[in-house]
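Colleague: Output the structure for:
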Amino acid sequence: MKKNLLLKLLLILFCFSCSSDNNKKDILVEDSIEAQMSAAYKEGIFSLEERNFLFAAKKFNDAELLYPQSLWAPRAALMSAYTYYSGNYYSDSIYELKRFIKVYPDNKNLDYAYFLLAMNYYEAIVDESKDLEPMIESRKYFEHIVKYYPQTDYAVDARFKLDLIKNIFAAKQMYIGRHYIKKQKWIPALNRFKVIIKDYENTIYVEEALHRLVEINYKIGLIAESEKYAKLLGYNYQSGDWYKASYKVFNKKYIAKKRNSNKNKKKLKNIVKKLFQ
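Modeller: Numbers count the residues shown, from 1 in each chain. As a prediction, the model looks like this:
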């Protein structure tokens, strides 16, 4: 989800709540502290639009501190967290969101707070070779959203993000497994590829993981184990390149038939001609 879309969702939440509050009573800003709070909040909005993220976040924090009893205090806290997120200050945004959840545990925008918290960790994911913490934390909070707010739009996006995170976790296992192969550490490598088969069976890395299990088991003399994984690979991915690579493990003289690309191009050209005749 784009960062500007997250802002729109946040502003919509606040607009609806404003409308509801105005129906109950008109809020007249006469008190000097309330006036200062309102001014700080507006300055925060202006600074956010100008992409002056640090100053905007400070102003939202000021607004919250000036009038902590008002209904605008939690809104200012969320705006501060969003502002840090927009400026890629993820650790600051995470701090603000965890504080928000602790200070305002009954706030009606708690689902948004958890989603933004998950997004902060998600945005901090670099690739499969880096630190696991952002992946672990983002998964934890996306799962929290799916469990406790299943009917929300946030849950829809959370489920999608969880699938992506699962692929990254599988990629991490694959990355480490390949590293062990280079170091000829066969047992640790086998364990990594087995994790992919067991825990990430719906990811794109399963096919290669099966081939690696065939290859390594054969190399260390566990022929029966190697054949077991070769059959599994053949059953599910018989036409794939990894199956062909595994076939070569047992049949050293095997040469895959090369596709006649010129013949295929000519065939395709004839089909296209027929379409426009």
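Colleague: Okay, strands next: where are they in the stretch 101-250 of the chain?
Modeller: Counting by DSSP state E, counting those that start in this stretch, the stretch 101-250 of the chain has no strands at all.
Colleague: can you map out the helices along it?
Modeller: 110-123, 133-148, 153-182, 186-199, 206-219, 223-237, 241-250 (DSSP state H, counting those that start in this stretch).
Colleague: Now stretch 216-235: buried residues?
Modeller: 216-218, 222, 225-227, 229-230, 233-234 (16 or more other CB atoms under 10 Å). The way it works is simple: take the backbone N, C-alpha and C, and place the C-beta from them, glycine included.
Colleague: now those residues as a markdown table including pLDDT and distance to Ala189?
Modeller: What follows is those, written out as a markdown table (pLDDT from 0 to 100; distance: CB to CB, whole Å):
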| residue | pLDDT | distance to Ala189 |
| --- | --- | --- |
| Ile216 | 95 | 6 |
| Asn217 | 94 | 11 |
| Tyr218 | 93 | 13 |
| Leu222 | 93 | 13 |
| Glu225 | 92 | 14 |
| Ser226 | 92 | 14 |
| Glu227 | 91 | 19 |
| Tyr229 | 91 | 13 |
| Ala230 | 90 | 17 |
| Leu233 | 89 | 17 |
| Gly234 | 87 | 22 |
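Colleague: could these be laid out in a markdown table, adding distance to Ala77?
Modeller: Below are the buried residues of stretch 216-235 laid out as a markdown table (distance: CB to CB, whole Å):
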| residue | distance to Ala77 |
| --- | --- |
| Ile216 | 52 |
| Asn217 | 55 |
| Tyr218 | 59 |
| Leu222 | 58 |
| Glu225 | 56 |
| Ser226 | 58 |
| Glu227 | 60 |
| Tyr229 | 53 |
| Ala230 | 57 |
| Leu233 | 53 |
| Gly234 | 57 |
